[in-house]
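Colleague: I would like the atomic coordinates for the input below:
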Amino acid sequence: MTTTKKKRSARDKRIMVAAVIVAGAIVAGSTFAWFTSKDEVTNRLSASADYDVAIAEDFQPPENWVPGQEINKDVSAVNTGNVDAFVRMWLEGEMSVFNRTSFADAQSVPNNNSTGAGYMNASADEKTKLGFSFYTASGNYIRELSTKQRENPNQNSTTPPDEDTNNPAKFSEVQSVQSGGYLVYAPDNAGYSWTLEQATTMSVNGTTVTDLAKGTVVGTGNSTASGATKISAADTNYYGAIDASTFKPETEGLYIFRRNVKLDVNGNKIDTYEYSGYYFVPSANSTNLGLTTPRDVYLALYNSTENNSDYSLADGSVTPATTTPSGEVTSVTPVWSKIKFDTAKETIVKNSGLTWTYTADTKLTATYAGTDASSAADDIAIDVKLANIGTGGQTWTAKTEVGKTTTFYYNDDLEEGDTTAKLVDSVTLSSATTQHAFLAFDFDLNVFLESVQVTMGDDGKEMTTPVEDGGAFATAPAGGVGAYATAQNVSEIENITWI
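Modeller: Numbering: from 1, shown residues only. This next block holds a predicted model:
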């Protein structure tokens, strides 16, 4: 028994040694491999970039906007995309103001028109409509008096004007300037003429001209009017009564007419006259104004005195002569420093040149202070009527800061397919704006909108976090005011508090 056990023990040892040697050989010539497994699942998450929030408005611009006239303009925001949004809006404006400047005394036409480069051809432009047909190198437009005759719209007769039948004549702007009925100044040795309305006996320079029948054409010695009866020598002018409807100048220069007797503050007549006039350029000289098709031109003179008639010259524009020739009226001498061409200039006003004033919950007013900072007489004020200003629900919160444009934040999220309550209701040219503030102007009311998407929290509730933690609304719009919203605790945002 003992011998057998020893033999078995020796054999087991030899097997163990051999196993170790084999295992070592395997390790030396190979590596271990672990059990592994693979799997793959695709979960598609779809997104659409259909995010679009836009301005919605209902507005038709007026043909002729006058002070006090309210123009409907409905402005709101609409979400045409598929993502809810937070919205804010603000307003800015720009103006192009055309106003009188009056420059250069009217002794002669400014020679910087001679190239004609600035002449405006007939167009629908407001400047041309107002008669400012000529442009100078200094940036001024010169107004031209219209020769188009205007008729009484209630007078439908086609019969020629006749005093005997009381059929009134059509009058032009030029004829209105002449309507004082007395010529008191003209260029030296000028030619001019008119047609007598009634039989007349005239005494000119001491010489009596008799039996002049109604319809007779009369003119100065230098007049070229066909068949004109001369009422002065070639080297003199006639000053006195003329017919305003047929008076026709021929020589280039200034013509002045005596108008109404002036009244004092109590409405009583005083021993002073008003005077009107124009600078006449005959067709032969009109190319100096840049015209390619020659024609007679009547350049308007500036009236700087508000209390005078529309066409009157400024007070002190003339000095009456000390003597009056027999049969005539007192002539005058122009005070050239006060007789100016009626000119205008265009000013472009950016939003920074406007003063915006917010009247709580009611309106925004944009004011252009004009050229006279000491007076409001030439201010242009435009009132923007607001709607739905509040603090909650479907209203707008106004955030204001001195010197900056008021910004309006919508107090509800703007859901897919929805439109906000309107912010702007109408625009009015303030009744405080007077005719002295402008000849014409264009005002562009610019409406700006910004939006930021509404996001969902882990709990499935909509959040204002994007605008609360320094998101898109943390920075104010240019010139505007910044704000952020408080957090919400409801699944659907129905009310936002803007801080």
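Colleague: where along the stretch 101-250 of the chain do the strands fall?
Modeller: Secondary structure of the stretch 101-250 of the chain (DSSP state E, counting those that start in this stretch): strands at 103-105, 132-135, 141-143, 182-185, 192-195, 200-204, 207-212, 217-219, 229-230, 240-241, 248-249.
Colleague: could you point out which element follows the last one?
Modeller: Note on strand 248-249: by DSSP states H and E, the next helix or strand toward the C-terminus is strand 253-263.
Colleague: follow-up on the earlier one: out of the strands of the stretch 101-250 of the chain, nearest to residue 310?
Modeller: Between residue 310 and the strands of the stretch 101-250 of the chain, the shortest gap by Cβ to Cβ is with strand 141-143, which sits at 12.5 Å. The way it works is simple: take the backbone N, C-alpha and C, and place the C-beta from them, glycine included.
Colleague: could you list every helix and strand that that closest one packs against?
Modeller: Using 3 or more Cβ pairs under 8 Å, 6 or more residues apart in numbering; DSSP states H and E as the contact test, the elements touching strand 141-143 are strand 132-135, strand 297-300, strand 343-349.
Colleague: following element in sequence after the second one, please.
Modeller: Moving toward the C-terminus from strand 297-300, the next helix or strand (DSSP H and E) is strand 318-320.
Colleague: got the buried residues for that next one?
Modeller: residue 318 (16 or more other Cβ atoms under 10 Å).
Colleague: counting by contacts, list what the helix or strand that comes right after that strand packs against.
Modeller: Using DSSP H and E, the helix or strand that follows strand 318-320 towards the C-terminus is strand 332-334. The helices and strands touching strand 332-334, judged by 3+ Cβ pairs under 8 Å, 6+ apart, are strand 182-185, strand 253-263, strand 318-320.
Colleague: now distance to residue 275 and mean pLDDT too, for these, in TSV please.
Modeller: Putting the helices and strands packed on strand 332-334 into TSV (distance: least, Cβ to Cβ, whole Å; pLDDT from 0 to 100) gives the following:
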stretch	distance to residue 275	mean pLDDT
strand 182-185	7	94
strand 253-263	5	85
strand 318-320	5	90
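Colleague: and of those, who's closest to residue 91?
Modeller: strand 253-263 (46.4 Å).
Colleague: what residues of the helix or strand just after that closest one count as buried?
Modeller: Moving toward the C-terminus from strand 253-263, the next helix or strand (DSSP H and E) is strand 269-281. With burial defined by 16+ other Cβ under 10 Å, the residues of strand 269-281 counted as buried are 273, 274, 275, 276, 277, 278, 279, 280, 281.
Colleague: wait, the fifth one touches residue 253, no?
Modeller: No - with the criterion set as Cβ atoms under 8 Å, residue 277 and residue 253 do not qualify as a contacting pair; they are 10.4 Å apart.
Colleague: middle-most residue in this protein, spatially?
Modeller: Residue closest to the average C-alpha location in the chain (Cα atoms, centre = their mean): residue 442, at 1.7 Å.
Colleague: helix/strand/coil for it?
Modeller: strand (DSSP: H, G, I helix; E, B strand; the rest coil).
Colleague: how close does it get to residue 324?
Modeller: Spatial separation of residue 442 from residue 324 under the definition Cβ to Cβ, to the nearest Å is 50 Å.
Colleague: same question for residue 89.
Modeller: When Cβ to Cβ is applied, the distance between residue 89 and residue 324 equals 70 Å.
Colleague: who's more crowded, these two?
Modeller: residue 89 (23 against 13; other Cβ atoms under 10 Å).
Colleague: and the gap between that one and residue 413?
Modeller: Remark: distance between residue 89 and residue 413 (Cβ to Cβ) = 15 Å.
Colleague: for residue 272, same thing?
Modeller: The spacing between residue 272 and residue 413, counted by Cβ to Cβ, is 72 Å.
Colleague: count of residues packed around residue 291?
Modeller: When neighbours are defined as other Cβ under 10 Å, residue 291 has 19 of them.
Colleague: do the same with residue 97
Modeller: Residue 97 is flanked by 23 other residues according to other Cβ under 10 Å.
Colleague: any idea which element it lies in?
Modeller: Of the helices and strands defined by DSSP H and E, residue 97 is found in strand 85-100.
Colleague: what helices and strands are in contact with that strand?
Modeller: Counting contacts by 3+ Cβ pairs under 8 Å, 6+ apart, the secondary-structure elements packed against strand 85-100 are strand 53-59, strand 70-79, strand 343-349, strand 363-368, strand 380-386, strand 407-410, strand 440-453.
Colleague: so for it, what's the average pLDDT?
Modeller: pLDDT averaged over strand 85-100 equals 90, rounded to a whole number.
Colleague: give the contact list for residue 224.
Modeller: For residue 224, the contacting residues are 191, 250, by Cβ atoms under 8 Å, 6 or more residues apart in numbering.
Colleague: check residue 393 too.
Modeller: 411, 412, 494, 495.
Colleague: quick one, phi psi at the first one?
Modeller: For residue 411, the backbone dihedrals are phi -90, psi 20 (criterion: degrees, to the nearest 10).
Colleague: distance of it relative to residue 55?
Modeller: Shown here: residue 411 relative to residue 55, a distance of 18 Å by Cβ to Cβ.
Colleague: just the CA coordinates for stretch 442-458, please, in PDB.
Modeller: Extracted in PDB, the C-alpha atoms of stretch 442-458 (Å, rounded to 0.1, in the frame of the first residue of the first chain):
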ATOM      1  CA  ASP A 442     -42.000 113.800 -44.600                       C
ATOM      2  CA  PHE A 443     -42.000 111.800 -41.400                       C
ATOM      3  CA  ASP A 444     -41.100 108.100 -41.300                       C
ATOM      4  CA  LEU A 445     -42.400 106.400 -38.200                       C
ATOM      5  CA  ASN A 446     -40.100 103.400 -37.700                       C
ATOM      6  CA  VAL A 447     -41.500 100.500 -35.700                       C
ATOM      7  CA  PHE A 448     -39.000  97.900 -34.300                       C
ATOM      8  CA  LEU A 449     -39.600  94.500 -32.900                       C
ATOM      9  CA  GLU A 450     -37.500  92.000 -31.000                       C
ATOM     10  CA  SER A 451     -38.500  88.500 -29.800                       C
ATOM     11  CA  VAL A 452     -37.000  85.600 -28.000                       C
ATOM     12  CA  GLN A 453     -38.300  82.000 -27.900                       C
ATOM     13  CA  VAL A 454     -40.100  80.500 -24.900                       C
ATOM     14  CA  THR A 455     -38.400  77.500 -23.500                       C
ATOM     15  CA  MET A 456     -39.700  74.500 -21.500                       C
ATOM     16  CA  GLY A 457     -38.300  73.500 -18.100                       C
ATOM     17  CA  ASP A 458     -37.600  70.000 -16.800                       C
END
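Colleague: what comes up buried for it?
Modeller: In terms of neighbour count (16+ other Cβ under 10 Å), stretch 442-458 has its buried residues at 443, 445, 447, 449, 450, 451, 452, 454.
Colleague: go on, stretch 464-480?
Modeller: 464, 465, 466, 467, 468, 471, 473, 476, 477, 480.
Colleague: pLDDT on that stretch, on average?
Modeller: Over the span of stretch 464-480, the pLDDT mean works out to 74.
Colleague: now do it: everything it contacts.
Modeller: Residues from elsewhere that reach stretch 464-480, judged by Cβ under 8 Å, 6+ apart: 86, 88, 90, 92, 351, 404-407, 409, 448, 450, 452-455, 457, 482-488, 493, 496.
Colleague: now do the end-to-end distance for that stretch.
Modeller: The separation between the terminal residues of stretch 464-480, taken as Cα to Cα, to the nearest Å, is 21 Å.
Colleague: what separates residue 443 from residue 64, distance-wise?
Modeller: Applying Cβ to Cβ, the value for residue 443 to residue 64 is 14 Å.
Colleague: check residue 394 too.
Modeller: 36 Å.
Colleague: wait, residue 223 sits on residue 194?
Modeller: No - no contact is recorded between residue 223 and residue 194 when judged using Cβ under 8 Å, the distance being 9.7 Å.
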